[in-house]
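Colleague: Predicted model and sequence follow; I will ask about them next.
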Amino acid sequence: MEESPDAVLIRRAMAEVTPVADKVTSYFYALLFVRHPDLRSLFPPAMDTQRDRLLRALLTAAEHIDNTDVLVDYLQNLGRGHRKYGTRAEHYPAVGECLIGALSKYAAAVWDEEMEAAWIRTYTTISQIMIDAAAADELRAPAWWYAEIVTHDLRTPDVAVVTVRPDQPYPFLAGQYTSLETPWWPRIWRHYSFAAAPRSDGLLSFHVKAVPAGWVSNALVHRARPGDIVRLGPPAGSMTVDHTTDSGLLCLGGGTGIAPIKALVEDVAEHGERRPVEVFYGARTDHDLYDIDTMLRLQQSHPWLSVRAIIDQQAHQQLPDAVRAYGPWNEYDAYLSGPPGMIRSGVDALRDIGIPSERIRHDSVEELVAAGS
Ligand SMILES: NC(=O)C1=CN([C@@H]2O[C@H](COP(=O)(O)OP(=O)(O)OC[C@H]3O[C@@H](n4cnc5c(N)ncnc54)[C@H](O)[C@@H]3O)[C@@H](O)[C@H]2O)C=CC1
């Protein structure tokens, strides 16, 4: 693809600032909070763990300014997702001014008027898409939902299945995820996939693994009890079933990554289709296969479903390698969910065996890395 003149300038600045990304980040937030102290309360009290999320999102968008379709989708999502932080249209110029302040300082060697104009145009485009998406969303959905924990089921010493009842209807699709904030860590949001297709009673459930230094996940697993109230952001993610085809589904779920896969299976079942669904459920040890009973029950009720457990220790191989031993998979759409390393090597393995990229679906690995606590 031919790069636009603005994209060339954006990339030139990015190449300058990438090696000093930490400094740019600190300076950006320092500028923002000194010049606009009223914006401080929109961010978490402790900024160390996720302080560069906003900046990272903006820079990712700027780098993809020529890739309109992907960009618009990404930014609309980001704009809608920012409503839960209390972001308003008038905050965007303040952020833009500090972004450009930080970039011009750390890309000073290449910065000139032309480059500044390119960043202003790019930032204006980015923020307008986010502002418009947020405004459209305001007409049809709340900025966030309160949800009460109704059951908390500790399946292993560090994995809990948590079911919540939202205060208002929560529309979403099987395979999507939400963001969740606990009362113990205000303004710290983490992503969790829905572990079931939409239910008639409106309840939502999540599989949460307490990870080292994971504030939110540890609180949800070890501290949360029925009656506690969490907040949910809007649904997001495009790892959903395409009901316009009847091709088979090849699903790889690693660890708690089995959660959205279970939702996809339920979705296929509810649509009454008899398309083959092949689930590979990976875990490090058999103790980690905390949801195998549910998956085997689903297999018993649905002849089109096959579930295979792949345990690292027994198979002496990781999940993606195990999938190669079966197949052929060229008639299948692939869905991957699990740790970022599994998704990366899984995508490689599936491409290797001939599944085209456009038939491989998974959540963004960047988001998972950010969500990994
Ligand atoms: N929508 C999604 O993609 C979801 C992702 N997750 C993510 O899944 C992860 C679950 O963590 P755990 O249960 O601790 O998983 P885990 O670390 O115990 O691994 C689970 C499975 O993934 C495989 N695996 C792990 N690293 C691999 C690598 N580098 N290459 C190939 N295979 C690999 C293992 O063989 C194992 O079968 C978390 O990072 C969580 O954020 C969880 C829910 C939904």
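Modeller: All right, it came through fine. Numbers count the residues shown, from 1 in each chain.
Colleague: V70: how many residues sit nearby?
Modeller: 11 (other C-beta atoms under 10 Å). Placement of C-beta: from N, CA and C, glycine included.
Colleague: do stretch 156-176 and the ligand meet at all?
Modeller: No. Stretch 156-176 lies out of reach of the ligand by C-beta under 6 Å from any ligand atom, never closer than 7.2 Å.
Colleague: list the buried ones in that stretch?
Modeller: By neighbour count on 16 or more other C-beta atoms under 10 Å, the buried set for stretch 156-176 is 158-164, 166, 170, 172-176.
Colleague: could you point out which element follows the strand or helix carrying D22?
Modeller: Following DSSP states H and E, one finds D22 within helix 21-35. For helix 21-35, the following helix or strand on the C-terminal side (DSSP H and E) is helix 53-63.
Colleague: List the buried residues for the next helix or strand after that following helix?
Modeller: Tracing the chain past helix 53-63, the next element assigned as helix or strand by DSSP H and E is helix 68-82. If you call a residue buried by 16+ other C-beta under 10 Å, then helix 68-82 has these buried ones: L71, Y74, L75, Q76, N77, L78, G79, R80, G81, H82.
Colleague: Check which helices and strands helix 68-82 sits against.
Modeller: The helices and strands touching helix 68-82, judged by 3 or more C-beta pairs under 8 Å, 6 or more residues apart in numbering; DSSP states H and E, are helix 53-63, helix 113-138.
Colleague: In the stretch 251-373 of the chain, which residue sits closest to the ligand?
Modeller: G255 (1.9 Å; C-beta to the nearest ligand atom).
Colleague: So for that residue, what's the pLDDT?
Modeller: On the pLDDT scale, G255 is placed at 96.
Colleague: and what of H362?
Modeller: At H362, the model reports a pLDDT of 95.
Colleague: when you give positions from now on, start the count at 165
Modeller: Happy to do that; since the first residue is 165 now, the last one works out to H526.
Colleague: residue contacts, it?
Modeller: By C-beta atoms under 8 Å, 6 or more residues apart in numbering, H526 lies in contact with M403, Y499, L500, S501, I507, G510, V511.
Colleague: Could I get those in JSON lines, plus columns for distance to G446, pLDDT and neighbour count?
Modeller: Shown next, in JSON lines, are the contacts of H526 (distance: C-beta to C-beta, whole Å; pLDDT from 0 to 100; neighbours: other C-beta atoms under 10 Å):
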{"residue": "M403", "distance to G446": "17", "pLDDT": "96", "neighbour count": "22"}
{"residue": "Y499", "distance to G446": "13", "pLDDT": "97", "neighbour count": "25"}
{"residue": "L500", "distance to G446": "10", "pLDDT": "97", "neighbour count": "29"}
{"residue": "S501", "distance to G446": "10", "pLDDT": "97", "neighbour count": "29"}
{"residue": "I507", "distance to G446": "12", "pLDDT": "94", "neighbour count": "22"}
{"residue": "G510", "distance to G446": "9", "pLDDT": "93", "neighbour count": "27"}
{"residue": "V511", "distance to G446": "15", "pLDDT": "94", "neighbour count": "20"}
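Colleague: Considering only the residues you listed, which also neighbour the ligand?
Modeller: Near the ligand, judged by C-beta under 6 Å from any ligand atom, the entries from those are S501.
Colleague: All set now, cheers.
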